[in-house]
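Novice: Quick one, fold the following:
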Amino acid sequence: MILFVLSVSFRYSPLGIMFLVAGKILEIEDLIQLAQSLGMYALTVLTGLAIHALITLPLIYYAVTRRNPFAFYNGMLQAWLTGIGTGSR
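Specialist: Numbers count the residues shown, from 1 in each chain. Model (predicted):
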């Protein structure tokens, strides 16, 4: 009996989640303002990640090893591209 209840709840949970999300979307008053805020947030996150990857980490690498960090990045480029290209969802 418990397995039946779990099976039914698992089957209908995506529908319930869809209605919860739809309710939240309908509560949004200014969709353009929300999209702008999300865009600025994404830009801020990407800028921070770029600063970290292109300035902070290379400086730490150089301070520890006294080697060119971008030569190290160049050596890892093939692995990065393979990881990105073969990443599954």
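Novice: how far away is Leu77 from Ala71?
Specialist: Distance, Leu77 to Ala71, using C-beta to C-beta, to the nearest Å: 11 Å. Placement of C-beta: from N, CA and C, glycine included.
Novice: now swap in Thr65 and tell me
Specialist: Counting by C-beta to C-beta - Thr65 and Ala71 are separated by 11 Å.
Novice: so where is this structure shaky, pLDDT-wise?
Specialist: 88-89 (pLDDT under 70).
Novice: Quickly note the distance from Leu57 to Ala50.
Specialist: From Leu57 to Ala50 the distance is 11 Å (C-beta to C-beta).
Novice: Please identify which of those two sits among more neighbours.
Specialist: Leu57 (14 against 10; other C-beta atoms under 10 Å).
Novice: Check the secondary structure at that one for me.
Specialist: When classified by DSSP: H, G, I helix; E, B strand; the rest coil, Leu57 comes out as helix.
Novice: measure it to Val64 for me?
Specialist: Distance from Leu57 to Val64, by C-beta to C-beta: 11 Å.
Novice: quick one: stretch 5-12 to chain centroid distance?
Specialist: 30 Å (C-alpha atoms, centre = their mean, to the nearest Å).
Novice: ditto for stretch 27-38
Specialist: With C-alpha atoms, centre = their mean as the basis, the distance from the averaged C-alpha position of stretch 27-38 to the chain average is 20 Å.
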